[in-house]
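A.B. asks: Got a sequence here, can you model it:
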Amino acid sequence: MRLLLALIFPWLVFFTIKRPFSGIICLILQFTLIGWIPASIWAIYALSQYKTDKKIKKALNQHNKDLI
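C.D. replies: Next up is the predicted model:
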């Protein structure tokens, strides 16, 4: 769902992953028609980084549970 959102409303993705400053910059970039494509690419990249960070955090939590 967020991937579709990143293509249509790239700035909104940043607010859903708790990066409001980046969302404001992306919104300014998106105001221009030429800036829409880089804004969408940036939002998709940020979304993939967010998912990777969550996976790493989950793996570390699981590893810590195994040690206890």
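A.B. asks: For residue 52, give its distance to residue 35.
C.D. replies: 25 Å (C-beta to C-beta, to the nearest Å). The way it works is simple: take the backbone N, C-alpha and C, and place the C-beta from them, glycine included.
A.B. asks: which one of those two has more residues nearby?
C.D. replies: residue 35 (16 against 10; other C-beta atoms under 10 Å).
A.B. asks: Just confirm that one contacts residue 41, I think it does.
C.D. replies: No. Residue 35 is beyond contact range of residue 41, at 10.7 Å (criterion: C-beta atoms under 8 Å).
A.B. asks: Give me the neighbour count for residue 8.
C.D. replies: Residue 8 has 11 nearby residues by other C-beta under 10 Å.
A.B. asks: confidence score at it?
C.D. replies: Looking at residue 8, its pLDDT stands at 87.
A.B. asks: ok, now residue 43?
C.D. replies: On pLDDT, residue 43 comes in at 91.
A.B. asks: can you check residue 68 too?
C.D. replies: 66.
A.B. asks: go on, residue 22?
C.D. replies: pLDDT at residue 22 comes out at 91.
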